[in-house]
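> Sequence and predicted structure below; questions after.
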Amino acid sequence: MDDDEVILSTPEEISAMAEAVKENLLPTKSRRLYEKSYEKFMSWRSEYKTTSFSENVLLAYFNSLIGTLKPSSMWVEYSKLKSMLNIHHRTDISQYAKLIAFLKRKSEGYKAKKAHTFSPDDLQKFIDNAPDYTYLLSKVAVILGIMGACRRQELHMLKIDHILDADNTLVVNIMNTKNRIDRTFTITGKYYKLVKKYMNLRPNTCTSQNFFVRYISGKCVAQNIGINAFGQMGKTMAAYLNLPNPELYTGHCFRRTSATLLVDAGGNIMDLKRHGGWKSTAVAEGYVDNSIQNKKKVSNLLMNSIEKTQPHNATTTYIPETELVPVIPAPESHQKNITPTLLPSETEPTQTPLLSQIQQDSDIPINTAASRNGNITPTPLPSDTETAQTPSLSQIIQQNSDIRINTAASRNGQTITISHNTIHNLHLHFHK
């Protein structure tokens, strides 16, 4: 009986009821693990003949665990002791700042091993090429694991009633998850056909409600599959694909692969949290593998950022061939005495591809600075010397645009102004 109960003279019946409530405060699935860690700590206290739960005692205890537990396992031990000491002794070790700092320091530089992930090519190759006679069960587990980001425990606990066949679509409900968030996903297309093929092989004599039953040489038998079998399916798939280190494709590889594929396909963090049922953003991001696809995206973003910030005084301008339009050259009579002159412009640092092509092929000096806004109507220049009978570039412009050009004026060094509307009309004409 605790000291506070002695002081308050709590009846034994009420004390027993309180103890029962305390037992229910622990997770049902891992209660025994909590109790084992608590018993281990209490045994250590007895060995060193101390009755205190002070911070120094906890520091000494966790220091003794170095070498026997990994840093990640020490945090798990801390979490279990925190709950047990709070329940049984009203001691909150989360307030022990030195203890937490000690655990953080021991975790520095430690990198936990994570399950490897499959690439899209790996999945497609296995599902399409592996013979159903041998690998149908593994294929179905892979499909459900990837499409639903399932843990091996969730695959093991999946029931027949959790899957609904609705118009060539399987609606799968994942119940009783680790974080108590139910999830739903669908299976369609050729994956639907594979899963249905496995479901149709289920023997009529099978009374188990588990969805997965043992599959041997093209037949299902009325025997449930253990949870450890799902942990081996990733390794089986990796071995078939001849991937290096197949032992690293553990039972969690399907869930990690699903998260990685979703992000690579363009899903955001909210999509990822809904897909996997994660509450914490940090935890969800921890499941995303640093895939080559993600690294390529980052590299392309950086390269594009650099290429788009070139200075305006660059000496060269790249013009794609697709932007060039065919231009009919002027007759030789118009090319003999015309000296091309490119007028400077402060508002237009580079010429448009069409203007560059016109000037190159016709030797007509063109200034588009004055008509940059497109609201200035060019004024035809008078001429009494232009009597060419053959079609020239100026005549083509007059026939297909909104201005007339006097090339005689260009021989005297005068400037011909062409509006952007004219350039647009020329562009349409030459692309007919």
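Noted; the coordinates are in hand.
> burial of Arg90, as a residue count?
10 (other C-beta atoms under 10 Å). Any C-beta I mention is one placed from the backbone N, CA and C, and that applies to glycine too.
> same question but for Leu69, I mixed them up
Counted with other C-beta under 10 Å, Leu69 comes out at 14.
> So it versus Asn63, what's the distance?
In this view, Leu69 and Asn63 are 11 Å apart by C-beta to C-beta, to the nearest Å.
> and if you look at Tyr135?
Counting by C-beta to C-beta, the gap from Tyr135 to Asn63 is 49 Å.
> Among the two, which residue is more densely surrounded?
Counted by other C-beta under 10 Å, Tyr135 and Asn63 do not tie: Tyr135 has more neighbours, with 20 against 10.
> Would you check how far apart the more buried one and Leu158 are?
Distance from Tyr135 to Leu158, by C-beta to C-beta: 19 Å.
> Helix or strand next in line after the helix or strand hosting Arg105, which one?
Here Arg105 sits within helix 97-107, counting by DSSP states H and E. The helix or strand immediately downstream of helix 97-107 is helix 120-129, counting by DSSP H and E.
> Check which residues of the helix or strand following that next one are buried.
As assigned by DSSP H and E, the chain's next helix or strand after helix 120-129 is helix 132-148. Buried residues in helix 132-148, counted by 16 or more other C-beta atoms under 10 Å: 135-148.
> Can I get helix 132-148 in CSV, CA atoms only?
Extracted in CSV, the C-alpha atoms of helix 132-148 (Å, rounded to 0.1, in the frame of the first residue of the first chain):
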residue,chain,number,x,y,z
ASP,A,132,1.6,-16.9,-60.2
TYR,A,133,2.1,-20.6,-59.5
THR,A,134,4.7,-19.8,-57.0
TYR,A,135,4.4,-16.1,-56.1
LEU,A,136,0.7,-15.2,-56.2
LEU,A,137,0.5,-14.8,-52.4
SER,A,138,3.5,-12.6,-52.4
LYS,A,139,2.1,-10.5,-55.2
VAL,A,140,-1.2,-9.9,-53.4
ALA,A,141,0.6,-9.0,-50.2
VAL,A,142,2.8,-6.5,-52.2
ILE,A,143,-0.2,-5.0,-53.9
LEU,A,144,-2.1,-4.5,-50.6
GLY,A,145,1.0,-3.3,-48.8
ILE,A,146,1.9,-0.7,-51.4
MET,A,147,-1.6,0.6,-52.2
GLY,A,148,-2.5,0.9,-48.6
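> after it, next one along is what?
Next element after helix 132-148 (DSSP H and E): helix 152-156.
> Quick check: Val171 is in a helix.
No. Counting by DSSP: H, G, I helix; E, B strand; the rest coil, one finds Val171 to be strand, located in no helix.
> Verify the stated contact: it with Asp161.
No. Judged on C-beta atoms under 8 Å, Val171 makes no contact with Asp161 at a distance of 11.8 Å.
> Neighbour count: these two, which is higher?
Taking neighbours as other C-beta under 10 Å, Val171 and Asp161 compare with Val171 leading, 13 against 10.
> Can you read off the backbone torsions of the residue nearest to that one when sequence neighbours are not counted?
Closest residue to Val171 apart from its sequence neighbours, by C-beta to C-beta, 6 or more residues apart in numbering: Leu164 at 4.4 Å. Backbone torsions of Leu164, given as degrees, to the nearest 10, read phi -120, psi 130.
> what's the closest non-adjacent residue to Gln153?
In space, Gln153 is closest to Ile227, 6.3 Å off (C-beta to C-beta, 6+ apart).
> burial measure for the one you found, as a count.
Neighbour number of Ile227 under other C-beta under 10 Å is 13.
> residue ranges with poor pLDDT in the stretch 301-432 of the chain?
Applying pLDDT under 70 to the stretch 301-432 of the chain flags residues 309-432.
> just to revisit the earlier point, which residues touch the residue nearest to Gln153?
For Ile227, the contact set (C-beta atoms under 8 Å, 6 or more residues apart in numbering) comprises Arg152, Gln153, His156.
> any chance you could map the strands in this structure?
Ranges of strands in the chain, per DSSP state E, are 163-165, 170-174, 183-187, 213-216, 219-224, 366-367, 416-417.
> want to throw those strands into JSON lines with distance to Leu248?
Formatted as JSON lines, the strands of the chain follow (distance: least, C-beta to C-beta, whole Å):
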{"stretch": "strand 163-165", "distance to Leu248": "30"}
{"stretch": "strand 170-174", "distance to Leu248": "25"}
{"stretch": "strand 183-187", "distance to Leu248": "26"}
{"stretch": "strand 213-216", "distance to Leu248": "25"}
{"stretch": "strand 219-224", "distance to Leu248": "27"}
{"stretch": "strand 366-367", "distance to Leu248": "66"}
{"stretch": "strand 416-417", "distance to Leu248": "71"}
